[in-house]
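A.B. asks: what shape does this take:
(2 chains)
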Protein chains: 2
Amino acid sequence: MQYVRDNIAQMGGYISGEQSQTGDFIKLNTNENPYPASERVREAIAKAAHTLNLYPNAMGTPFRKAAAEVLGVDPSWIMCGNGSDDILTIVTRALVGEQNKLRLPYPSYILYKSLAELQGAQWEEVDYSSDWKITDAFSRPDDNVKLFFLPNPNSPTGTTVLPDDLLALADKLSCPLLIDEAYADFNEFNCLELVKQRPNIMVSRTFSKSYALAGLRFGFLVARPELIEQFVKVKDSYNCDALSIAAASAAIQDQDWLRQTVAKIKATRAHLTDKMRALGFTVPDSHANFTWNVFPNAGTLHKDLYSYLKQNGYLVRHMDYPGYGDGLRISVGTDEDTDRCLALVERYLNDVGRRSAGA
Amino acid sequence: MQYVRDNIAQMGGYISGEQSQTGDFIKLNTNENPYPASERVREAIAKAAHTLNLYPNAMGTPFRKAAAEVLGVDPSWIMCGNGSDDILTIVTRALVGEQNKLRLPYPSYILYKSLAELQGAQWEEVDYSSDWKITDAFSRPDDNVKLFFLPNPNSPTGTTVLPDDLLALADKLSCPLLIDEAYADFNEFNCLELVKQRPNIMVSRTFSKSYALAGLRFGFLVARPELIEQFVKVKDSYNCDALSIAAASAAIQDQDWLRQTVAKIKATRAHLTDKMRALGFTVPDSHANFTWNVFPNAGTLHKDLYSYLKQNGYLVRHMDYPGYGDGLRISVGTDEDTDRCLALVERYLNDVGRRSAGA
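C.D. replies: Numbering: from 1, shown residues only, chains lettered A, B, ... in the order given. This is a model prediction of the structure:
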């Protein structure tokens, strides 16, 4: 393609999960929250909609103040983003030049590598151990590695690495470690405190999962103020709109809603995990709002089951990681949708799968 | 700063106009629209606020379809952005690498040069002629120039370049020419048709000015589908939220509101221009929603007048362009606010200015 940089022309581009807008599908494929957001969110949006002729607060400071109180950090440690993807983009642009390298675990969130490609930079994938722990490869010395993205809990597996292991990793790295806590509200712990303990640890969060606001595009970074100051130069001046700043502020102030919603999702997650295991899948304990389901010697089963579910109105995510293998990532839905999806999986294994095996 | 790329650490960062969120000031400094957006916008937002748990349409296709109908282009020629700043960022990242150069006119929108700095790239400013026309420097051959940003109408001057001159410029360039039409709705013409006529012409638009939706963050690019395809790889997957897609779709479908609002602003602009000229300022004919006001042999008058107006509750923009000079950019407000601001300018010139001249 004429005009376009080689690194852009050559890359495939990040493909996100299917987004049916028609309502024809039950979406268990992009880890959305099946419940509506806190009531306070809609009130805040309706109020903010009256002054949209004015630019928003450039730093999203009303949110920073609200979040600072809930999280126990100073507002100067917080930067708002247009979704946590915006945060990941900003940090990559600030730290990783064309001659540099981004490190990421494998398998994990496939967007990270696209962010390196967009910079015209290199990337390097380091394998988790077979029980989803950090290995020595994670901390292999390399001065050219300028940033490490580590999702915790991880996607697609839902597994989690302990804070002490992350501290040890950060101490061995010569670059910042960004812990992507998109799913941390579903975990038993988070790593916010680590940001205070190490100069090279940062944490990103999103409102797309636990707060049920994927449509809003809001996330944030917690990092030291001297890093935030640099990242602010990179972000668009008004990267967050007035509606999302108001909505996210209202959402984070409703921690009761969050606790109740997360409790419901965790209960459904336990049921989903048990049932998928009973159906023969290997399912790591999930600390997120989805499970990772691998059938032994699956052949084309994962892909076929994905198609079968889609034909029956259920979207799950079939993910194939070269060199690692494939599986199905299933988001935790409502109890009803989860049970209907499980019934379809069971029917497929008992009926369709058996039929095609006999064919 | 440790960890951060040199180009980022060394840059100052783009400084946007002051955004008072307290309502203590009448804002005539960032070219916001003084009127509330179309009624339909709030209705669309209230409706879209019910399904925020789901991700938005990744391409903003409901908007693309609505805009395509109004503008007479195919939806495949449109890419949505989180404000037109997002569009400018995406295009820069796709076209301009660390070894490349961005060209922009001078004086114009100071963000452009920050976008080059963020890439670690070079930039080159080419001067307008004294009557704000394109000069030979604009088309000087240089294979390393990969992108040309040209705002039309221009900021801070409000002046405009004719479509034929832009066609001629594009024909001499070896790179794409992005015509930034942030203010085009206030002009007598626009350059949308040029995108169809030349493979290297693109047009960007924003909802922040004419549509009174600066707080929403929504803009779009019109370019050939083969370029759009490349830019889509660069944008965040969900760069526009569900509320802004719905709101912008509603806004662009209310062309009656747009016509009426633009007519009011043009009438006030004429009054503002006449009055500032009568007060002794040189004011180029404006085709935007602001005027550029330069007092002959001003000394510190522009800066002092800016401070005086601020003390009296009116924010205007004092802009100082090294090598060119300074002046005041005043946004067109309501008739009342514009008249009160003009009365303050007059009082300053007659009273405070004279007093300090005599001191």
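
A.B. asks: any weak-confidence spans in the stretch 201-350 of chain A?
C.D. replies: Using pLDDT under 70 as the threshold, the predicted model of the stretch 201-350 of chain A has no low-confidence range.

A.B. asks: how long is stretch A:326-335 end to end?
C.D. replies: The first and last residues of stretch A:326-335 sit 26 Å apart, counting by C-alpha to C-alpha, to the nearest Å.

A.B. asks: just the CA trace of the helix or strand harbouring A:Leu169, in CSV.
C.D. replies: Assigned by DSSP states H and E, A:Leu169 belongs to helix A:163-172. C-alpha atoms of helix A:163-172 as CSV (Å, rounded to 0.1, in the frame of the first residue of the first chain):
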residue,chain,number,x,y,z
PRO,A,163,2.1,-10.5,44.0
ASP,A,164,5.4,-11.7,45.4
ASP,A,165,6.3,-13.3,42.1
LEU,A,166,5.6,-10.1,40.3
LEU,A,167,7.7,-8.1,42.8
ALA,A,168,10.6,-10.5,42.1
LEU,A,169,10.1,-10.2,38.4
ALA,A,170,10.1,-6.4,38.5
ASP,A,171,13.3,-6.4,40.5
LYS,A,172,15.0,-8.4,37.7
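
A.B. asks: immediately after that helix, which helix or strand?
C.D. replies: Beyond helix A:163-172 on the C-terminal side, the first helix or strand identified by DSSP H and E is strand A:177-180.

A.B. asks: any buried residues in stretch A:292-304, and which?
C.D. replies: Buried positions in stretch A:292-304, judged by neighbour count with 16 or more other C-beta atoms under 10 Å in any protein chain shown: A:Trp292, A:Asn293, A:Val294, A:Phe295, A:Ala298, A:Leu301, A:His302, A:Asp304. For glycine as for every other residue, the C-beta is placed from the backbone atoms N, C-alpha and C.

A.B. asks: what's the spacing between the third one and chain B?
C.D. replies: Okay, so that is A:Val294. Computed with C-beta to the nearest C-beta, to the nearest Å, the distance linking A:Val294 and chain B is 25 Å.

A.B. asks: show me the contacts for that residue.
C.D. replies: Contacts of A:Val294 were listed using C-beta atoms under 8 Å, 6 or more residues apart in numbering or on different chains, and they are A:Phe281, A:Thr282, A:Val283, A:His302, A:Gly325, A:Asp326, A:Gly327, A:Leu328.

A.B. asks: chain center to stretch A:278-288, what's the gap?
C.D. replies: A distance of 19 Å separates the centroid of the chain from that of stretch A:278-288, by C-alpha atoms, centre = their mean, to the nearest Å.

A.B. asks: over to stretch A:100-118?
C.D. replies: When distances are taken as C-alpha atoms, centre = their mean, stretch A:100-118 is centred 13 Å away from the chain's centroid.

A.B. asks: and what of stretch A:11-24?
C.D. replies: Using C-alpha atoms, centre = their mean, the mean C-alpha position of stretch A:11-24 is found 15 Å from that of the whole chain.

A.B. asks: got the buried residues for that stretch?
C.D. replies: Of the residues in stretch A:11-24, A:Met11, A:Tyr14, A:Ser16, A:Gly17, A:Gln19, A:Ser20 count as buried by neighbour count, 16+ other C-beta under 10 Å.

A.B. asks: mind listing what the first one touches?
C.D. replies: Which is A:Met11. Neighbouring residues of A:Met11 by C-beta under 8 Å, 6+ apart: A:Ser114, A:Glu117, A:Leu118, B:Lys233.

A.B. asks: the first one - nearest residue in space that isn't next to it in sequence?
C.D. replies: The reference is to A:Ser114. Taking C-beta to C-beta, 6 or more residues apart in numbering or on different chains as the measure, A:Ser114 lies nearest to A:Tyr14, with 4.0 Å between them; neighbours along the chain are not counted.

A.B. asks: surely that neighbour touches A:Ile110?
C.D. replies: Yes. Proximity of A:Tyr14 to A:Ile110 meets the contact threshold set by C-beta atoms under 8 Å, at 6.6 Å.

A.B. asks: returning to that earlier point: so which of the contacts of A:Met11 is the most crowded?
C.D. replies: Per-residue neighbour counts (other C-beta atoms under 10 Å in any protein chain shown) across these peak at A:Leu118, which has 24 neighbours.

A.B. asks: so which helix or strand takes in that one?
C.D. replies: Applying DSSP H and E as the criterion places A:Leu118 in helix A:111-119.

A.B. asks: repeat that for A:Cys80.
C.D. replies: Secondary structure from DSSP H and E places A:Cys80 in strand A:78-81.

A.B. asks: roughly how far is that strand from the heart of the chain?
C.D. replies: 16 Å.

A.B. asks: for that strand, which outside residues touch it?
C.D. replies: A:59-60, A:63-64, A:67-68, A:87, A:90, A:204, A:218-223, A:228, A:231-232, A:235, A:239-240, A:245, A:248.
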